[in-house]
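[1] Coordinates only, no sequence provided:
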């Protein structure tokens, strides 16, 4: 059946706290936010800036725990300003047949205006009789 790319983690509506063009690449993200959704340091992410519509990809650099920092660095800093709202997606490649047999789970953190977790939920693909069913489970935090 081949390989497919599925979203496995998303930071939804995080606010840019700083943009540092003089840093060597990447986006710095509070390590607690990364851990909550399962994004790893150095992992590639895709980013959408909701303020200007720009999309870009880069890799993740872990920021200080509890600081709630979201800081695009290097060239990515030219695509954002402090206060901009971002969607940050991480994907993983899976064997399609395995997804049909075992399913898949993605974690989503919705941020408040301070980049704290306002809402957290799981989006699942659950195998069911020759198909997969989409389910979503919400937690307040």
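    That came through fine. Predicted model, so just to flag it, every value in this text is computed and none were measured.

[2] From here on, just use CA atoms for contacts and neighbour counts.
    Will do.

[3] backbone phi and psi for residue 7, please?
    For residue 7, the backbone dihedrals (degrees, to the nearest 10) come out as phi -70, psi 130.

[4] now residue 37
    Per degrees, to the nearest 10, the backbone of residue 37 is at phi -100, psi -10.

[5] residues touching the nearest residue to residue 116 once chain neighbours are set aside, list them.
    Nearest residue to residue 116, sequence neighbours excluded (CA to CA, 6 or more residues apart in numbering): residue 68, at 7.0 Å. By CA atoms under 8 Å, 6 or more residues apart in numbering, the residues touching residue 68 are 29-30, 33, 114-116.

[6] Shouldn't residue 68 be within a strand?
    No: read with DSSP: H, G, I helix; E, B strand; the rest coil, residue 68 is coil and lies in no strand.

[7] And it, what's its pLDDT?
    The model reports residue 68 with a pLDDT of 98.

[8] Right, I'll leave it there.
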